[in-house]
Every structure is written in C-alpha cells, then in structure tokens.
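Engineer: Whatever this is, show me its structure:
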Amino acid sequence: MAYNAKDIPKVSLDIFAQYFSERQIKNTSPLSEDLFAEYLGFVDGRALRQNQGAHCDIETQKGAPENGADEPYDLAVLGGSVVLPDFGVLPCDVYSHNGRVVSLSQGNPLPARQVVSAKGQMVLPGIIDPHVHMGIVDSLSNELQSETVSGILGGVTTAGLFVGAELANVENFASISAQVERFSHINILPHYVVATHEQIAMLPQAVKTLGIRSFKVYLHGVEGLIESKDDAFVVDTMTALKDTGERCVLCVHTENHSLITHAMKRAKSRFGDTATLLEWAETHPEIAEEEAVIRIAYFAQKLEQLTYIVHVSTAGAVEKLKEIRKTNPYVLCETVSPYLMLDPEKARGFAAKMEPPIRGGQHSEALWQGLADGVIDTIGTDNVSWNLSQKNLGKPVWEALPGYPAMATHLPSVLTGGYLKRGFDLTMLTAKMTAAPAKAFGIYPRKGTLLPGSDADMVLVDLQNVRKVDPKRLRSRAEYSIYEDQSFIGWPSVTIIGGHVAAADGEIVSEAKGRLIR
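Structural biologist: Residues are numbered from 1 along each chain as shown. Here you go, the predicted structure:
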C-alpha cells in the first residue's frame with residue numbers, strides 16, 4: 001500500500017511518517033501497514049498494544065510547541081543519526097518537551113532551551129538493562145546511588161531490578177519505591193523474586209494493586225544466598241500468575257539443580273583448590289541448562305504463561321530454543337553481554353566467576369548467532385557489584401562469589417563485539433538492548449524507542465571513539481572490571497534521561513532522578 005501526503009497526519013515538524021513512506025532506510029524494509037498504524041497511534045495519542053497484549057498509554061503532549069510558536073522546546077539534539085529499533089537509521093534532529101520526544105525533524109534548527117550537538121554520532125534510545133541485582137551486597141539505597149551512576153555513564157537509563165525474596169512482598173513496596181525515587185539516577189522496573197508459598201499467595205495483590213508484572217523463580221539458586229525451587233513450585237507460580245488475568249512475565253533461572261549439585265561434587269574432587277575458571281565451568285554442565293530449557297518451555301506452553309529465560313549461556317540451549325520457538329509463543333530469551341564477550345581461558349583470576357559460568361568459544365559464537373537469528377530476544381548484564389574484598393578473589397574458585405559489575409561496559413562491549421567485530425546490523429543490536437526488553441516487560445513504546453510520544457531517554461554514541469576500560473572511570477562500588485584494559489568502541493558521550501542531560505564525557509553533570517516503573 002502506498003501512502004500519500006494526505007495520509008500523513010499534520011503534526012508540527014514531524015517528518016517521520018513521510019520519510020519512511022518515500023524512502024527505504026539502510027538495513028530495513030519498507031514501512032509496513034502495521035508499522036504505519038503504530039506510528040499513527042503515537043501522534044493521535046491512542047494507546048498502543050504490543051507483543052501479546054503489552055500496552056502503554058501515550059498521551060499527546062499538553063503545551064508542546066507548535067510549528068511557528070514562540071515557546072521553545074526543552075531540549076534539541078541536533079545533527080545526529082537516530083537509530084530507531086524496528087525501522088532503521090534516520091538522520092534527523094530530536095526535540096523533547098515535558099520529558100517526552102515530540103518531534104523528529106529535518107531542516108533548520110528550531111528554538112530550544114538546551115541544545116546538544118550530536119554531529120557525527122549515533123543517537124540511540126536509552127539502554128534498558130533488563131537484568132540487574134542491587135541490595136544483595138550492600139543496602140538497596142547505597143547500591144541505587146553507586147550502581148545507577150555507573151549505569152548512566154554507560155548509557156543505561158532503565159534497569160530491570162530483581163528484588164530479592166526477603167524484600168519482595170507487598171509491605172515493602174512503598175519503601176522500595178521511595179528509595180528509588182530518592183536515590184536512583186535511572187528508572188527502575190521491579191521484578192519480584194518468588195521463593196515461598198506465602199509469596200505465591202501474594203501474587204494477585206502484587207499484580208492488581210502494586211502494578212508489578214514480572215517475577216522470578218530459580219530452578220537453581222546460589223548456595224547460601226538463593227534457594228533452588230522444584231517443578232511443583234514453578235508450576236504453582238505460573239498458575240497463580242495466569243489466574244490474575246493480566247499479562248505477567250515469569251523470569252526463570254533455567255538450570256537443572258540436581259545435575260549441577262552432582263557436577264560440583266565431582267569437580268571439587270577432581271580439581272581441588274587449584275581449579276581454574278575454565279574448570280569452574282564444568283560445575284554447570286551444558287546438559288543442565290539444555291534440559292531445563294526444554295522443561296520450562298513445556299510448562300510455559302502447557303499453562304500458557306509467558307516465560308522469560310534469563311542469561312542463556314550454552315550452545316545446546318540455543319539449539320533447543322531455536323526449535324522450541326517455532327511452535328511455542330510463550331517463551332522469551334535473554335543472554336548477557338559478558339557471555340558474549342569473555343573467554344574464561346583469558347580471564348584474569350576469578351573476577352569473572354558467575355552462575356551460569358562464562359564459557360566462551362563455541363558457546364559465545366552460538367549466542368551471537370542466536371541474536372542474529374532472533375532466537376535470543378534481549379541482552380542484559382546480570383550485574384552484581386561485589387567489591388574486591390567481598391568477591392574473595394584471593395581464595396580458591398569455590399569460595400569466590402559469583403557476580404560482577406557490567407552495566408557501565410554493557411553498551412560499548414556489545415557494540416564492539418557485534419557491530420565492529422562481526423558486522424552486525426546496528427539497528428538490530430540496538431533493538432536487543434532497547435525495544436526488545438521494553439516489549440518483553442510491557443513498557444514499550446513508553447521506553448525502548450525514540451518515536452514521538454516516547455520518554456526522552458537517549459544515549460549519544462561515537463562509533464569511532466575507542467577507549468580502554470578503566471574501573472576508576474566506571475564509578476561502581478565494585479572497584480574492578482572484568483574487561484580491565486580491553487579497548488571498546490561506542491562509549492557514550494552524552495546520556496539523557498527524561499529530556500535532561502545526566503552525563504557527558506564520562507562525568508555526571510546533573511542529578512537525574514529515576515522513577516519506579518509500574
């Protein structure tokens with residue numbers, strides 16, 4: 001179907017629909033009827049519905065400047081190339097007002113209270129890290145202060161926070177919300193961890209009253225920190241979420257606990273206290289993840305409950321998921337940037353110890369291919385910010401704690417590994433870190449895009465900017481980086497959240513405050 005000028009709504013300065021109706025953009029197909037209808041939904045203020053019922057209301061901006069009006073825009077980002085997930089790359093200026101994007105425009109610059117030059121740079125939606133942990137190694141308030149600063153320096157403007165089971169109840173929600181509003185520099189999407197039958201009974205209230213739509217269970221936990229759960233517990237949780245009648249997402253740490261327990265005993269006996277990081281990987285055999293993926297996908301399809309498999313790490317799991325997803329619409333998949341980028345044979349000490357382990361080699365390549373093939377939807381970090389003394393790096397691998405800081409290096413590491421080294425499409429990679437997690441957790445199109453009407457969260461990236469990883473510049477409480485002294489491209493030059501410049505040239509320039517997303 002061809003779209004003529006009369007089909008395009010008269011919205012001031014907004015050339016987006018016309019641009020796509022007249023041209024094809026590099027690395028994207030022509031604008032489809034569905035996408036054009038989606039765009040119309042933005043400009044007339046209708047609620048959009050995406051991804052199996054996810055929705056987010058977009059209101060037409062009150063008091064936004066009209067063409068020729070005297071009132072300036074709040075912010076203008078000029079001269080960049082905007083990367084729009086699902087569409088392509090659009091050379092244009094971005095204007096925001098009252099915290100929302102109100103126009104994508106070409107031509108002479110328009111009046112704005114603040115102007116940011118993006119000449120020679122890519123303008124991406126703010127990065128959404130769907131998988132972070134805070135409040136485990138220090139108080140939630142302290143980690144919100146340190147780790148969200150680190151995140152915003154890396155271009156992360158929204159994080160999916162797994163709220164530990166001891167905090168994940170109805171009574172604590174007000175306190176969590178208040179701490180986010182007071183201490184966080186980025187937006188926080190809460191995922192409640194479910195660990196008891198009392199919490200399962202709480203799910204209807206959490207969903208209906210608190211507006212929480214994403215939860216997590218662990219088939220395999222972390223000894224001394226997180227308890228593993230059996231199949232009956234998972235099925236009970238899925239059933240309770242399904243019975244709410246709302247679109248809820250159950251995140252699952254998907255590994256076979258008994259197989260890992262057995263492999264751990266065998267590895268300790270075989271390797272002793274001289275075990276390396278590569279030998280640590282043998283404690284989580286590939287079969288443990290592969291089998292659990294099949295099992296959880298079956299439960300999800302049988303119970304018709306949308307399920308999000310976190311941190312996929314093995315080639316075998318990718319292969320199984322490729323087949324599963326052909327017929328099972330209830331499974332979404334995530335991997336994390338360290339699994340894509342690290343090789344345990346080259347890692348320094350035990351800083352990169354994680355569960356599931358870093359595997360490298362054929363597994364990393366299979367994960368990259370899974371992203372390219374659409375088997376893997378999103379890329380997160382699984383950020384945990386132990387400091388050097390807490391991590392126990394000087395002790396045998398069995399005593400070193402799993403987890404590492406990765407938010408500040410998330411975007412440049414993916415751009416380096418995917419765009420620079422493998423020639424992946426920039427629009428596709430960007431979508432895996434923006435639109436895809438937003439759609440998965442029901443906050444698209446408010447987040448994950450820069451279409452008019454979305455929140456004005458964005459990150460400016462110079463793809464020619466090469467810099468070595470220096471932990472001192474990353475501002476995490478962890479004091480170290482798993483990528484120390486590696487060189488990456490694509491470091492953020494400017495991070496904008498809610499239409500306000502929060503970070504520039506590696507420094508915090510304003511005290512941006514995040515919000516709890518419900």
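Engineer: Let me see the contact set for the closest residue to residue 239 other than its chain neighbours.
Structural biologist: Sequence neighbours aside, residue 303 is the residue nearest to residue 239 in space, at 6.2 Å (criterion: CB to CB, 6 or more residues apart in numbering). (Each C-beta comes from the backbone N, C-alpha and C, glycine too.) Residue 303 sits next to 235, 238, 239, 242 when contact means CB atoms under 8 Å, 6 or more residues apart in numbering.
Engineer: Which helix or strand contains the second one?
Structural biologist: Counting by DSSP states H and E, the secondary-structure element that holds residue 238 is helix 231-243.
Engineer: Same question for that helix: list its buried residues.
Structural biologist: Using 16 or more other CB atoms under 10 Å as the test for burial, helix 231-243 gives 233, 234, 236, 237, 238, 240, 241.
Engineer: Rebuild the residues you listed as a markdown table, extending it with pLDDT.
Structural biologist: Formatted as a markdown table, the buried residues of helix 231-243 follow (pLDDT from 0 to 100):
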| residue | pLDDT |
| --- | --- |
| 233 | 98 |
| 234 | 98 |
| 236 | 98 |
| 237 | 98 |
| 238 | 98 |
| 240 | 98 |
| 241 | 98 |
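Engineer: which one of those residues is nearest residue 458?
Structural biologist: residue 241 (32.9 Å; CB to CB).
Engineer: Any idea how many residues pack against the residue lying closest to that closest one once chain neighbours are set aside?
Structural biologist: Nearest non-adjacent residue to residue 241, counting by CB to CB, 6+ apart: residue 248, 4.2 Å away. Neighbourhood size, residue 248 [other CB atoms under 10 Å]: 22.
Engineer: looking at it, residue 248 is touching residue 208, isn't it?
Structural biologist: No - contact between residue 248 and residue 208 fails when scored by CB atoms under 8 Å: they sit 10.8 Å apart.
Engineer: returning to that earlier point: pull the most distant pair out of the contacts of residue 303.
Structural biologist: Greatest spatial distance in the contacts of residue 303: 235 and 242, 10.4 Å, computed using CB to CB.
Engineer: burial count for residue 403?
Structural biologist: Other residues close to residue 403 by other CB under 10 Å number 23.
Engineer: let me fix that: residue 270
Structural biologist: Neighbours of residue 270 under the rule other CB under 10 Å: 10.
Engineer: again with residue 177
Structural biologist: Residue 177 - counted by other CB under 10 Å - has 16 other residues nearby.
Engineer: need the contact list for the closest residue to it other than its chain neighbours.
Structural biologist: Leaving aside its sequence neighbours, residue 177 sits nearest to residue 516 (CB to CB, 6+ apart; 4.6 Å). The contact partners of residue 516, taken as CB under 8 Å, 6+ apart, are 176, 177, 180, 181, 187, 188, 190.
Engineer: at 10 Å instead, please
Structural biologist: 161, 173, 176-181, 184, 187-190, 210-212 (CB atoms under 10 Å, 6 or more residues apart in numbering).
Engineer: Run a quick check on residue 305 versus residue 237, I expect a contact.
Structural biologist: Yes - counting by CB atoms under 10 Å, residue 237 is a contact partner of residue 305 at 8.7 Å.
Engineer: Need the residues touching each of these two.
Structural biologist: With CB under 10 Å, 6+ apart, residue 305 and residue 237 have common neighbours 248, 250, 299.
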